[in-house]
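Chemist: Dropping a prediction and its sequence here:
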Amino acid sequence: MNFENRDIISIHDFSKQELLYILKISKLMEKNPNPNLLNNKILATLFFEPSTRTRLSFLSAMEQLGGKVMGFATAGMTSIKKGETLWDTIKMAQAYADAIVIRHPLEGSARLAAEASSKPIINAGDGANQHPTQTLLDLYTIQKVKGKLDNLHIGMLGDLKYGRTVHSLTTALSHFNPKFYFIAPQALQMPQTYLDELKEKKIKFFTTANLMKVSKKLDILYVTRIQKERFADPVEYEKYKGVYKLDTKLLPHIKKDLKIMHPLPRVDEIDKSLDDTQHAVYFEQAANGIHVRKALLSLVLGRIK
Amino acid sequence: MKKELSISAIKDGTVIDHIPSNATLKVADILDLKGIRGIISIATNLTSKTMGKKGLVKISGKDLTKEEVDKIALIAPNATVNIINNYNVKKKIKVTIPLVINKIIKCSNPNCIINNEEISTKFYVLNKDPLKVKCHYCERNMDKEDISLL
C-alpha cells in the first residue's frame, strides 16, 4: 500500500484495509523509535485556529523522527490579516515544506488546501467537519485496549450533534460491525444523516438520553464535551452544559472491562475520581496520537511504504 | 378543425419542452438570455397529454451550454431540449442530472470554504429523485429544499 504524497483529508476517503494498514504502521512506530526516519524533511503546521494536543503532538512526532517543523499557531500573526486567501497561503507554504498540516475554522478548507498544494496535506480539523488523525488515534486506542475492533458495543455520549469526533468515528467504526448506543439529550442527538447512513449499512444503533439504560452493555464509552463554541445561542448552551457528569457512582453500572475515552479537553463531564480507575484511557488515548501521527507523516512523506 | 399553435415555430435555435408549469419562468430565468436578438417565447399552462399542464421556452438563435442543460435538469428533470435547424428538430436531448454537479449550485452551509473563497462549487449527486447532493468541500448533504442555484 503506497501512501506517498497522499492527502489525509477525510475519514471517508479510506477503505477498511487502508485504515488497518495505518494502525499497523502506528504500532510499529510505538515499538521502534526511528530517530532519523524523517531527516531532511520539513513539516509546515498552519494552525488558523487554536489547538493544544494536535499541534504539539504533530511537532513532537516530527521532531522525534528527525524532521523539522515550521509554522504558526494563530492566524493573527500572518498575512491572512492582510486578506490573503487560503489558496495563496497554501501555494506559498508548499514551496517551503515537504508536507503541510492545517487546522482551519471553515469546513472544506483542508480539501481546498489539497487542491492548491502538490505536497501532501494533513487535515488537523476543518471546522465541524473532519479531524481524521483524531479518528485514527481513537481507532488505534480502541484496538489497543480491547485487542480488537470488530463486534464491539460502542457508547457515544454528550454533544453528538456538533461533535466532529463522534461523526468521523462512527463512520470509521462502521467497517467493523459495531453496535452503537448514542446517548444525548434529544436536541444534541446524532444527526439524521449519520443515522440514515447506519441504516443503509445495516448497522444496529440505539438512541437514548439515559446512560443508565444502556451502561451495562458497553465495551467502550466515548464521552464528548458540550462545545460552547459551536452554539450560536448562549442560552441553549446553558441549558445543556453539565447534563452528564460521570463519576465513581457509575462503577456499579458498567462492565468490568469497559473503557472510557474522551478526545479532551474535558470540562466537567468526567470527574477526576475516575482518572485512576482501570476504565479511564483518555490520557493514554491522547498519548497514542503521537504514534499515529508519526505513522501518517512517515507514510505520506514516502519514508515507509 | 385545424390545431392552432399557441406560440409560433422557430427557424433556428432551441426549444425546451415538458417543463412543469410552475417551473417555466425559473427555467427562463437561469438561461443567459441577455443579448439574444431573436424571438424568445415563454408559454406556460399549455395542455399536455402526459403532464396535464406544461411549460415551453423557445429561443431563436441560441444553443445551450452543458452547464445550462444541467441547470435545467435540476429544476425540470423531465424536460426535453430540442435543437432546431431550419424548422426541423436536428437533435432531441433528454436532460439528465449529472453524477457530479460543477459550478451551478450553492452550498447552503455558511461555514463552507466555498462561501468564503473564490472557487467553483462541486457536488456529488447521492440521489436523483428526490434530489440529494453532497458538497465536495464541507461534505454536508443537501436535500432538494436546501438547494439553490448560483
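Modeler: All right, it came through fine.
Chemist: When you work out contacts or count neighbours from here on, use the C-alpha atoms and nothing else.
Modeler: Fine.
Chemist: now the residue in the stretch 1-150 of chain A positioned nearest to chain B: how far from residue A:234?
Modeler: In the stretch 1-150 of chain A, the residue that lies nearest chain B is residue A:108 (4.0 Å; Cα to the nearest Cα). Using Cα to Cα, to the nearest Å, we find residue A:108 at a distance of 26 Å from residue A:234.
Chemist: Tell me which of these two has more neighbours.
Modeler: residue A:108 (28 against 11; other Cα atoms under 10 Å in any protein chain shown).
Chemist: Work out for me the element residue A:69 sits within.
Modeler: Following DSSP states H and E, one finds residue A:69 within strand A:68-72.
Chemist: Convert that strand to PDB, retaining C-alpha atoms only.
Modeler: In PDB, the C-alpha atoms belonging to strand A:68-72 read as follows (Å, rounded to 0.1, in the frame of the first residue of the first chain):
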ATOM      1  CA  LYS A  68      12.000  19.900  11.200                       C
ATOM      2  CA  VAL A  69       8.900  21.900  11.800                       C
ATOM      3  CA  MET A  70       7.900  25.500  10.900                       C
ATOM      4  CA  GLY A  71       4.600  27.300  11.000                       C
ATOM      5  CA  PHE A  72       2.200  29.400  13.000                       C
END
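Chemist: in the stretch 1-150 of chain A, which spans are helices?
Modeler: A:16-31, A:53-64, A:86-96, A:109-116, A:132-146 (DSSP state H, counting those that start in this stretch).
Chemist: any chance of those in a markdown table, with mean pLDDT and mean neighbour count too?
Modeler: A markdown table is the format used below for the helices of the stretch 1-150 of chain A (pLDDT from 0 to 100; neighbours: other Cα atoms under 10 Å in any protein chain shown):
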| stretch | mean pLDDT | mean neighbour count |
| --- | --- | --- |
| helix A:16-31 | 97 | 16 |
| helix A:53-64 | 94 | 20 |
| helix A:86-96 | 94 | 17 |
| helix A:109-116 | 98 | 23 |
| helix A:132-146 | 98 | 22 |
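Chemist: For residue B:21, find the nearest of the ones you listed.
Modeler: Nearest to residue B:21, of all the helices of the stretch 1-150 of chain A, is helix A:109-116, at 39.4 Å by Cα to Cα.
Chemist: what angle sits between that closest one and helix A:86-96?
Modeler: 60 degrees (axes from the mean of the first three to the mean of the last three Cα atoms, to 10 degrees).
Chemist: so how far is helix A:109-116 off the chain centroid?
Modeler: Relative to its chain's centre, helix A:109-116 lies at 19 Å (Cα atoms, centre = their mean, to the nearest Å).
Chemist: can you list the residues that contact it?
Modeler: By Cα atoms under 8 Å, 6 or more residues apart in numbering or on different chains, the residues outside helix A:109-116 that reach it are A:7, A:9, A:86-87, A:90-91, A:102-104, A:120-123, A:125-126, B:112-113, B:137-138.
Chemist: how about a cut-off of 6 Å?
Modeler: For helix A:109-116, contacts defined as Cα atoms under 6 Å, 6 or more residues apart in numbering or on different chains pick out A:87, A:121, A:123, B:113, B:137.
Chemist: quick one: pLDDT of the last one?
Modeler: Note for residue B:137: predicted pLDDT of 97.
Chemist: Turn the contacts of helix A:109-116 into TSV, including distance to residue A:208.
Modeler: Output for these, formatted as TSV (distance: Cα to Cα, whole Å):
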residue	distance to residue A:208
A:87	43
A:121	38
A:123	32
B:113	34
B:137	32
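Chemist: For residue A:262, state which of these is nearest.
Modeler: Nearest member of these to residue A:262, counting by Cα to Cα, is residue A:123, at 19.9 Å.
Chemist: Do I have it right that residue B:105 meets residue B:150?
Modeler: Yes. Here residue B:105 reaches residue B:150: they are 5.1 Å apart, a contact under Cα atoms under 6 Å.
Chemist: Name the residue in these two with the higher neighbour count.
Modeler: Between residue B:105 and residue B:150, counting by other Cα under 10 Å, residue B:105 is the more crowded of the two (18 against 11).
Chemist: ok, and the closest non-adjacent residue to that one?
Modeler: Of all residues not flanking residue B:105 in the chain, residue B:149 sits nearest, at 4.3 Å (Cα to Cα, 6 or more residues apart in numbering or on different chains).
Chemist: what's near enough to touch that neighbour?
Modeler: Contacts of residue B:149 (Cα under 6 Å, 6+ apart): B:104, B:105, B:106.
Chemist: Tell me the one of these nearest chain A?
Modeler: When those are compared against chain A (criterion: Cα to the nearest Cα), the nearest one is residue B:106, at 14.0 Å.
Chemist: Chain B contacts on chain A?
Modeler: Chain A comes close to chain B at residues A:106, A:107, A:108, A:109, A:111, as judged by Cα under 6 Å from any Cα of the partner chain.
Chemist: and the nearest residue to the first one once chain neighbours are set aside, what does it touch?
Modeler: For residue A:106, the nearest residue in space outside its immediate sequence neighbours is residue A:127; the separation is 4.8 Å by Cα to Cα, 6+ apart. When contacts are counted by Cα under 6 Å, 6+ apart, residue A:127 is found next to A:105, A:106, A:107.
Chemist: give me phi/psi at residue A:127?
Modeler: Main-chain dihedrals, residue A:127, degrees, to the nearest 10: phi 60, psi -130.
Chemist: residue contacts, residue A:48?
Modeler: A:74, A:75, A:103, A:104.
Chemist: distance of the third one from residue A:213?
Modeler: In this case it means residue A:103. Counting by Cα to Cα - residue A:103 and residue A:213 are separated by 37 Å.
Chemist: From the rest of the structure, what touches stretch A:151-159?
Modeler: By Cα under 6 Å, 6+ apart, stretch A:151-159 touches A:177-184, A:188, A:218-224, A:226.
Chemist: what's the span of it from first residue to last?
Modeler: 24 Å.
Chemist: And residue A:111, how close does it get to residue A:102?
Modeler: Following Cα to Cα, the distance that separates residue A:111 from residue A:102 is 10 Å.
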